[in-house]
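*Asks:* please find the sequence and the predicted model below.
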Amino acid sequence: MRRAINIVPGSGTRILLAFLPFLLIACLYVVASAERQAANPGDKLLPPIAQMATSVSRLASEPDRRSGNLTLWSDTAASLRRLAMGLGAAASIGLVLGLALGLLPMASAGLSPLVAVVSMIPPMAILPVLFIVFGLGELSKVVLIVIGITPFLVRDLAMTVAAIPREQMVKAQTLGASTWQIMLRVALPQTMPRLIEALRLSLGPAFLFLISAEAIAAESGLGYRIFLVRRYLAMDVILPYVAWITLLAYLFDWLLARIARRGFPWAYGQEAR
């Protein structure tokens, strides 16, 4: 008897199965939208796909009357700039502290409780504080992303470093390696793949913090645009923007996965087999 657990789809079947849920969702949306439009031609909750395509085309190709910018692309550039700065700062801080806490007992004893407590603070709860301290400019939005995901990165990387076999540390010290050499040549290479994986897991929260900050205080950005047009019930703009944010997050995830497997193929040897 052939068990389902042993059935492995081929490449063609895998692609078909991957696209099938999206196709079903699109069909359900088209049917629901048609029914609502038939009942009420002025319905705004589920606009037709043609209407959303027209709105996206206008936002992507027609300059804004006030700023002169192409709205979709200027919003995307503003959000991605903030996201990149936040992820870059969080990754740098998380890597340094993660290595220190996982490798140095004194650092772990002094900082681990603080990191654990900070990781429990809801980032959105301190957003007003960030606006008061850092103002309503770019810095407060970047700081929110950093505060939101850095504690997770620190704890995850510290556990990764602590899980490195102790024999490797002993052998390195036997060969005369200093603490810095052990950190850079033993711990760091084994931590980098996990850092990228942790960043992939942090993309969802990072986008959440970004959109939330832009919705409250910003003059451009994807979150700003969504909350700007919500007062007009402009679902023909909101839904495409949500889909665009989702696509950007997926592309970020795919890119990080490619970087990890190209840069550290040894960490994914089991998957290759």
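*Replies:* Great, that's in hand.

*Asks:* could you find the closest non-adjacent residue to residue 208?
*Replies:* Spatial nearest neighbour of residue 208, excluding adjacent residues (Cβ to Cβ, 6 or more residues apart in numbering): residue 148 at 7.9 Å. Backbone N, C-alpha and C define where each C-beta goes, glycine included.

*Asks:* my read: the one you found touches residue 123, true?
*Replies:* Yes. Contact criterion Cβ atoms under 8 Å: residue 148 and residue 123 qualify, at 3.9 Å.

*Asks:* shared neighbours of these two, anything?
*Replies:* residue 209 (Cβ atoms under 8 Å, 6 or more residues apart in numbering).

*Asks:* what about these two, which has more around it?
*Replies:* Legend: neighbour count by other Cβ atoms under 10 Å for residue 148 and residue 123, higher for residue 148 (26 against 21).

*Asks:* low-confidence ranges in this protein?
*Replies:* 1, 270-273 (pLDDT under 70).

*Asks:* is residue 254 within a helix or a strand, and which one?
*Replies:* Counting by DSSP states H and E, the element that carries residue 254 is helix 235-263.

*Asks:* just how off-centre is that helix within its chain?
*Replies:* 8 Å (Cα atoms, centre = their mean, to the nearest Å).

*Asks:* now residue 101: closest residue in space that isn't a chain neighbour?
*Replies:* residue 158 (3.9 Å).

*Asks:* buried stuff in the helix or strand encompassing the one you found?
*Replies:* If you go by DSSP H and E, residue 158 is part of helix 138-162. With burial defined by 16 or more other Cβ atoms under 10 Å, the residues of helix 138-162 counted as buried are 140-158, 160-161.

*Asks:* what do you get for stretch 192-206?
*Replies:* 192-200, 202-203, 206.

*Asks:* hmm, who's touching it?
*Replies:* 83, 86-87, 90-91, 94-95, 98, 145, 148-149, 152-153, 156-157, 160, 249, 252-253, 256-257, 259-260, 263-264, 267-268.

*Asks:* how about residue 138, what does it touch?
*Replies:* 81-82, 85.

*Asks:* check the gap between it and residue 147 for me.
*Replies:* 15 Å (Cβ to Cβ, to the nearest Å).

*Asks:* repeat for residue 70
*Replies:* Distance from residue 70 to residue 147, by Cβ to Cβ: 32 Å.

*Asks:* check residue 189 too.
*Replies:* 28 Å.

*Asks:* let's have the buried residues of stretch 192-206 in CSV, adding distance to residue 107 and secondary structure.
*Replies:* What follows is those, written out as CSV (distance: Cβ to Cβ, whole Å; DSSP: H, G, I helix; E, B strand; the rest coil):
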residue, distance to residue 107, secondary structure
192, 20, helix
193, 22, helix
194, 18, helix
195, 18, helix
196, 23, helix
197, 23, helix
198, 19, helix
199, 22, helix
200, 26, helix
202, 22, helix
203, 28, helix
206, 26, helix
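
*Asks:* from the residues you listed, pick the one nearest residue 56.
*Replies:* residue 203 (23.0 Å; Cβ to Cβ).

*Asks:* show me where the stretch 51-200 of the chain has helices.
*Replies:* 71-103, 105-119, 127-134, 138-162, 166-174, 179-182, 188-216 (DSSP state H, counting those that start in this stretch).

*Asks:* could you dump those helices into TSV and include distance to residue 238?
*Replies:* Compiled in TSV, the helices of the stretch 51-200 of the chain are given as follows (distance: least, Cβ to Cβ, whole Å):
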stretch	distance to residue 238
helix 71-103	13
helix 105-119	32
helix 127-134	22
helix 138-162	20
helix 166-174	52
helix 179-182	51
helix 188-216	12
